[in-house]
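Trainee: Predicted model and sequence below, questions to follow.
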Amino acid sequence: MNIAIGRALLRRKTDFAGAHGLEGGYRADSEYRVEEQARVSAAGNIVRGIDHLIVMVGDLDRSERTWRELGFHTTPRGFHQSGGTANHLIMLDQTYIELLGLAEASADSPYRQTMLENPGLAGLALRGSAAATYEYWLAQGLKPAPPEGLARGVEIAGRPEVARFGLTKLPGSSELPFLLFCCDQLTPQFVWQADAPPHPNGARNLRELVIVVDDAQAPSSFGRVTGRSIATGADEASLALGESRVTFLSPAAFLRRFGSDAGFRIGKRPVLAAVVLGSTDMARARRFGSDAGFRVRDTSSGGFAVHVPPEGVVIEWTPA
């Protein structure tokens with residue numbers, strides 16, 4: 001649904017960069033409005049795709065080992081400058097999977113309980129301008145938090161740098177209870193690095209995110225959040241989001257596709273349940289999953305899935 005947001009943009013009150021001390025992103029209000037109106041004149045252009053997915057983990061050391069055993073290359077551990085969290089990233093062509101855990105065992109984090117008691121695929125970061133997305137969500141009657149800054153130290157070619165992000169978050173709801181926010185990459189050169197090694201399992205891109213739901217409320221709400229129309233079927237719905245798709249399945253449809261032993265991901269719903277990745281070497285991806293000791297089974301969509309209960313995720317592989 002292409003909805004003009006010119007009126008919403010007029011509500012912008014502050015210069016995001018000035019308020020948060022972020023470098024090289026936002027300018028004064030009048031300049032910002034003219035540029036943003038030209039660049040994002042329709043709702044469908046505001047949320048441009050999936051920036052990254054978040055797997056919350058209780059033991060970051062163990063989690064990194066598990067994903068490496070599955071054939072993924074992980075980035076060195078990064079520490080956020082606030083929030084008590086640290087991460088490893090699994091970089092893909094235009095997105096990444098973030099393994100997010102506590103910076104130290106005693107760290108205080110708003111996600112501490114989830115990490116320790118219910119680890120797994122728990123967050124979806126959407127790609128776009130944090131400021132424009134904030135205004136669009138306000139215009140939709142949602143209640144986003146005002147844009148804020150986040151930073152973490154990184155090492156680039158042996159020298160320390162700071163990766164910076166602008167975020168605007170939506171509160172959890174019964175329709176979309178997982179962590180959902182827009183992530184504005186202010187320093188993408190410090191996140192996607194040209195010299196990053198390839199994944200031994202051939203992982204290249206995020207093809208699909210699968211969400212298990214009980215009814216049509218979650219797809220409808222997600223369509224409103226992203227400015228996209230939803231294609232619906234008997235027990236599934238889907239939408240295109242950038243280079244990926246987001247698919248909503250009923251519990252029965254999820255089990256038909258991924259197998260009855262994938263039921264560990266469909267407790268309380270809606271839930272982020274599976275990721276579908278493209279690989280340049282399907283045989284190696286399968287072998288890594290099997291050698292790591294996880295259940296590997298063919299799926300009804302023509303690929304194969306690796307069930308990873310310790311990480312709270314099902315990974316389906318298709319050719320890149």
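Mentor: Everything's here; your move. Residues are numbered from 1 along each chain as shown.
Trainee: what packs against the strand or helix carrying L255?
Mentor: Assigned by DSSP states H and E, L255 belongs to helix 251-258. Judged by 3 or more CB pairs under 8 Å, 6 or more residues apart in numbering; DSSP states H and E, helix 251-258 is in contact with strand 203-212, strand 271-279. The C-beta positions use only the backbone N, C-alpha and C, and glycine is treated the same way.
Trainee: In terms of helices and strands, where is the residue most central in space within the chain?
Mentor: For the chain, the residue nearest the mean C-alpha position is L53 (2.4 Å; CA atoms, centre = their mean). Element membership for L53 (DSSP H and E) is strand 49-56.
Trainee: chain center to that strand, what's the gap?
Mentor: Centroid displacement of strand 49-56 relative to its chain, using CA atoms, centre = their mean, to the nearest Å, is 1 Å.
Trainee: and what of stretch 300-309?
Mentor: Distance of stretch 300-309 from the chain centroid (CA atoms, centre = their mean) equals 20 Å.
Trainee: same question, stretch 306-315
Mentor: Relative to its chain's centre, stretch 306-315 lies at 16 Å (CA atoms, centre = their mean).
Trainee: end-to-end on that stretch?
Mentor: 5 Å (CA to CA, to the nearest Å).
Trainee: what does stretch 230-250 give?
Mentor: Using CA to CA, the end-to-end distance of stretch 230-250 comes to 15 Å.
Trainee: re earlier: JSON lines for the helices and strands packed on helix 251-258, including mean neighbour count?
Mentor: Output for those, formatted as JSON lines (neighbours: other CB atoms under 10 Å):
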{"stretch": "strand 203-212", "mean neighbour count": "22"}
{"stretch": "strand 271-279", "mean neighbour count": "23"}
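Trainee: Can you lay out the ones you listed as a markdown table showing distance to S290?
Mentor: Shown next, in a markdown table, are the helices and strands packed on helix 251-258 (distance: least, CB to CB, whole Å):
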| stretch | distance to S290 |
| --- | --- |
| strand 203-212 | 16 |
| strand 271-279 | 14 |
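Trainee: quick revisit: adjacent strands (with direction) for the strand holding L53?
Mentor: When pairing is defined by DSSP bridges, strand 49-56 lines up against strand 96-102 (parallel), strand 120-127 (antiparallel).
Trainee: ok, A107 - contacts?
Mentor: By CB atoms under 8 Å, 6 or more residues apart in numbering, A107 lies in contact with 84-85.
Trainee: Quick check: phi and psi at it.
Mentor: Note on A107: its backbone torsions stand at phi -60, psi 140 [degrees, to the nearest 10].
Trainee: still on that earlier bit, how about the helix holding L255, which residues are buried there?
Mentor: Residues of helix 251-258 classed as buried: 251, 253-255, 257-258 (neighbour count, 16 or more other CB atoms under 10 Å).
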